[in-house]
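Colleague: Okay, predicted coordinates and the sequence, questions at the end:
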Amino acid sequence: SKLMKRNLNFFSHMNHPECRMDTTHANSIAIVPKGLEEKYGSFYKEGNLLVSLAAQSIIVIIDRDRRKIAWSYFDDNYWGQFHSARIMKNGEIGFFKNRDGSAGYSSIIVMNPKTKRIVWSYKAAKKNIFAAERRFGNLQELENGNLLISDNPDGGRAFELTRDKKVVWEWVNDEWDHDS
């Protein structure tokens with residue numbers, strides 16, 4: 001299968017000491033809520049688990065009853081890390097896509113899990129403004145539908161973003177001690 005080929009390719013170049021210690025790095029987990037199975041498919045059965053595996057840049061849904069992967073998403077052209085996979089109120093999946101190498105941009109992706117098509121995305125207008133390295137990044141859908149996003153390029157930053165891609169407010173931690 002395509003997922004198996006991806007895993008074999010991934011493990012063939014794991015020479016970095018961090019990778020040998022944590023080959024999947026599951027960095028978020030969410031329980032599929034009631035009411036999404038009919039709209040999206042059997043993989044969205046209530047109680048299944050949405051898991052982000054950052055070290056492999058894969059998001060999976062695990063069928064808890066069968067103890068098998070019921071759904072997966074990965075991008076063959078991207079070897080950064082996914083973080084903070086979330087099931088949005090409408091059932092779409094949102095996640096933080098860390099910047100990849102010299103790209104200079106991180107992004108927020110919202111996708112339709114049935115089609116695996118991106119339905120909404122955000123990246124900053126300027127390079128390196130929203131550019132968390134491979135280890136940071138989080139998003140949360142707020143009650144008003146906006147997104148609360150945190151990244152950490154230089155010590156800490158959080159902002160609220162509308163679906164029209166307008167920053168409502170921003171907080172930056174200028175006093176972070178890089179040596180502590």
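Modeller: Looks like it arrived, so ask away. Note that the structure is a prediction, hence the values are computed from the model and not measured.
Colleague: ok, K114 to E92 distance?
Modeller: Distance, K114 to E92, by CB to CB, to the nearest Å: 10 Å. Where you see a C-beta, it was placed from the backbone N, CA and C, and this is true even at glycine.
Colleague: higher neighbour count, these two?
Modeller: E92 (20 against 14; other CB atoms under 10 Å).
Colleague: Show the contacting residues for that one.
Modeller: Contacts for E92 were tallied using CB atoms under 8 Å, 6 or more residues apart in numbering; they are 110-113, 119.
Colleague: cool, H25 as well?
Modeller: For H25, the contacting residues are 53-55, 81, by CB under 8 Å, 6+ apart.
Colleague: Recalculate using a threshold of 7 Å.
Modeller: Residues near H25 by CB atoms under 7 Å, 6 or more residues apart in numbering: 53-55.
Colleague: Next, format these as CSV and append neighbour count and pLDDT.
Modeller: Formatted as CSV, these follow (neighbours: other CB atoms under 10 Å; pLDDT from 0 to 100):
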residue, neighbour count, pLDDT
L53, 20, 87
A54, 24, 77
A55, 20, 72
